[in-house]
Every structure is written in structure tokens, then in C-alpha cells.
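K.L.:
sequence unknown, structure follows:
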Ligand code: ATP
Ligand code: MG
């Protein structure tokens, strides 16, 4: 994209309404704008990041056999009356009445709808397991929406739901999903630590939250630093083999990790002191096994091996996709702006032309730009160099390809790594080779 023509309304000053870094930087970098309390428009740069995150989430869900579908945001209250949650849910549910006086709601989550869809389609235990997911907007009328998209009212969530024959099979599905989550966060370029969680009002016995470490996090966390060093992408797990899943899960849960709500001082004392880490974290994912709660309350049975009705065991698995955009920034920024992990950055690199109109500078910039015009931001504005550098740092492109008259004479490009600040002088071909491998 050519910056001179793009809708990228950056701000020089810090917006007064933003209390935390990620909110400030998302506004300043022209990623989002608030349109009503806790409700945001995603501008082109923000939407690019949101999509990159969603696609990585999608890829890792598909890799463990989950199937994507898309459910509506609007739901009928009748569905929720069947599970008993219509009255139980409280004021976070946005209730709406249509012109025929029918009670509707903007979905805060989709257990009821998916259970109903499952029940209409699946009749026999032989069709189990099923894992279905969507990436869809949710609405929760949070009492205090704050920190930008970190705690919005409308937010983008990946929600998956599993249906299994029995508890053992449901636990296998849970473990597969756990691995998918660990791989997802690693590919997003952040560390999200899985922590044992309270199962709360959803009930059931197995639950983990995934938290990204950041001082602005709402939860206090205690964990064994060994968890930070794991390579989940390299972990060789046979997804179809219970013993292999068990080994992975037992290994992972042998390391202590808990939020303050679940903290156990006695178990914590057994973690070697040099590996004890305390801090704060942002919840970016949450997985549950809750047994037959919905299949029973909504009377959704399949025929079992002996012909008798069988209520499948369920789990649900959320990832806060829009919250992740902010959480990644909280975990990865400096005084000058955002530092995007390459996998989610809005653009692979910025091309900074220091002298627009100079034939050699223009020619080199155009040549670089042509390598990936959809995925590079070419700063071709008639602006001072300082302003261009400041914007590139603010937007957090992993690389800056700086083209000035002095280097251009010799066919050279200055390449700056946003994270390390390191600058090197490269040939145009070397810069092109770099562009080709940034998201590879
Ligand atoms: P929280 O404790 O932060 O209110 P939750 O436990 O109610 O979240 P879940 O029902 O577990 O949320 O939803 C799954 C994921 O959706 C969460 O892990 C979080 O990342 C994200 N999420 C939940 N509420 C919001 C919100 N108001 N704004 C943005 N993301 C949210
Ligand atoms: Mg949660």
C-alpha cells in the first residue's frame, strides 16, 4: 500500500481517553476508533492485524480437526430458555425485541445454539467426536468497558465446541485443544502461559486459562519459568494416540502455573526458587470441559452403542481474537511505538523513501514495493524523514527499508530491525530476499 493514498489516520498526541499503552498506541497508529462505549471500528491497519491473528487461530484449529462454521450474532431467546440460562445470564446479555415482539439477544457465547445445531444433525454415537468452531463477534454489556479493545462490549472471539462419546474421549479432545492453543500463541509470537482455572458457573472439572504476561494484566499470576522455554511447535504429539496426548499433557501440567484465584502456596513452595515467576497477566484464552450440562438440559441425545439415548460430553474453547491485538502490544512495544511479531504485523515492512522525486531513490523503492505491494507499506509521502521514521516506529513494522540518495547511488538500502534497532546496509537483492522471507 502507498502511504500517500492510504486511510491511516495516525495521531501525534496521546489521546486523553486512553489509560493503557495498547489503547494509546492502537489509536495513535490509526488501527481503531471508538464509535460508542466499548464498541470500535477497525480501520485498515487494525483489521489487517485482526485478520492475521484470526488466520493463525483458524489454521491451528483446523490442524486438530476442528471444523469451521459461522453462526449468527443474533439469537432467539427461546434457545436460552431451554438451557435455563436466559434468566441466569444477567445484565451482560444484550436483550432485544423484534417488531413481532419476539425476544432476541446479541450472542455473548454460543453453547445453546451449537448444541441445538448439533442435535438436529447428529443422531448416532458413530458420528462422534465433533469439534466445531467459529470466529465471530460477541456482545457482552460489560459494566465497565475499558482499555480499548482489551475489554470491549462488542469483541471478536474464536469459540469452539466439542461433542464426545464419553469422559475419556472428551479429555482427549481437551488435550488436543490445549496443544492447539499453545501452538497458536507461539505462532502469534507471544508467550501465553496455561493456568489451571476455576470452572465457575459453567461447572465441570477441567479448565485452563491462557495468560499473556504484561504489567497491565487484570490477574496476578504465579508460574514456573520452565513453561516459558517450551517449544510447542516442535513438540511431537500424535493427536490420535491417547498415550501420546497423555504424555504431553502430564508433562505440561507438571509445571506450576496459577492465577491468584487458584494459587496454592504449598505447591508453589515446591517450585525451585530460581524458577518462580510472579507477575500479572491478560486472559486471552479459556478452555472448559463441562460434561453433559447442555446436552442434558436441552435434551440433545444421540443413540448410543446399546441403542439407548446417550448425552454427549461437551467442552468449549474461547480465544479473544480482538483482545489479543491489544495484549500483544502490551507485551511488545517500546517508547516509540508498537513492535509487531512478524506473523501478525499489518505489513511485512515499511519502505521509507527519504527523497521523493529523486530518480534513483524512486526506482529502488518501486522495485522493492513491487515485490509485495499488498503486504508492504511504501512511505511515498512528501514528509520530512523524521516524521516518516516516527510513523514507521509507531506502526511497528518488523522491518524498515530505508532508501536515501547517498545509498541509492550505489544501489544500497538501509535495513532496520524494529525490535533490535540494528541497522545494516544491504544490496537491493538482499532486501528483496528479506522481504520474501519475513512471513515465511
Ligand atoms: P474476562 O474474565 O476477561 O471477563 P471471561 O472469562 O468472561 O473474560 P470467556 O467467556 O472465557 O471470557 O471468553 C473467552 C475469551 O474471550 C476470554 O479469554 C477473553 O480473551 C475474551 N473476552 C472475554 N470478554 C471480553 C471482552 N469484554 N472484550 C474482549 N475480549 C473478551
Ligand atoms: Mg474466561
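P.N.:
Arrived safely, thanks for sending. Note that this is a predicted model, so its numbers are computed, not measured. Ligands and ions are numbered 1, 2, ... in the order given.
K.L.:
Confirm that residue 314 sits in a strand.
P.N.:
Yes - counting by DSSP: H, G, I helix; E, B strand; the rest coil, residue 314 falls inside a strand.
K.L.:
Touching, it and residue 298? I think so.
P.N.:
No - using C-beta atoms under 8 Å, residue 314 is not in contact with residue 298; the gap is 10.6 Å. Every residue, glycine included, has its C-beta placed from N, CA and C.
K.L.:
neighbour-wise, which of those two wins?
P.N.:
residue 314 (26 against 19; other C-beta atoms under 10 Å).
K.L.:
From ligand 1, how far off is the more buried one?
P.N.:
According to C-beta to the nearest ligand atom, to the nearest Å, residue 314 and ligand 1 sit 15 Å apart.
K.L.:
Tell me which residues touch that residue, please.
P.N.:
111, 115, 161-164, 170, 289-295 (C-beta atoms under 8 Å, 6 or more residues apart in numbering).
K.L.:
could those residues go into a markdown table alongside pLDDT and distance to ligand 1?
P.N.:
Listed next are those as a markdown table, based on pLDDT from 0 to 100; distance: C-beta to the nearest ligand atom, whole Å:
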| residue | pLDDT | distance to ligand 1 |
| --- | --- | --- |
| 111 | 97 | 10 |
| 115 | 98 | 16 |
| 161 | 98 | 13 |
| 162 | 98 | 15 |
| 163 | 98 | 19 |
| 164 | 98 | 20 |
| 170 | 97 | 18 |
| 289 | 94 | 14 |
| 290 | 91 | 12 |
| 291 | 94 | 17 |
| 292 | 95 | 20 |
| 293 | 92 | 15 |
| 294 | 95 | 15 |
| 295 | 97 | 19 |
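K.L.:
Adding neighbour count and secondary structure, write these out as a markdown table.
P.N.:
Output for those, formatted as a markdown table (neighbours: other C-beta atoms under 10 Å; DSSP: H, G, I helix; E, B strand; the rest coil):
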| residue | neighbour count | secondary structure |
| --- | --- | --- |
| 111 | 22 | helix |
| 115 | 24 | helix |
| 161 | 24 | strand |
| 162 | 29 | strand |
| 163 | 27 | strand |
| 164 | 22 | strand |
| 170 | 25 | helix |
| 289 | 25 | strand |
| 290 | 19 | strand |
| 291 | 19 | strand |
| 292 | 17 | coil |
| 293 | 19 | helix |
| 294 | 28 | helix |
| 295 | 20 | helix |
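K.L.:
what about the chain, any weak spots by pLDDT?
P.N.:
Along the chain, the model assigns pLDDT under 70 to residues 199-205.
K.L.:
Could you pull up the residues touching whichever residue of it sits closest to ligand 1?
P.N.:
In the chain, the residue that lies nearest ligand 1 is residue 320 (2.2 Å; C-beta to the nearest ligand atom). Residue 320 sits next to 155, 156, 157, 283, 284, 285, 327 when contact means C-beta under 8 Å, 6+ apart.
K.L.:
filter those residues down to the ones close to ligand 1.
P.N.:
With C-beta under 6 Å from any ligand atom as the criterion, those include 155, 157, 283, 284, 285 near ligand 1.
K.L.:
so where do the helices sit in the stretch 1-150 of the chain?
P.N.:
Shown for the stretch 1-150 of the chain, the helices assigned by DSSP state H, counting those that start in this stretch span residues 21-28, 44-63, 77-83, 85-88, 111-121.
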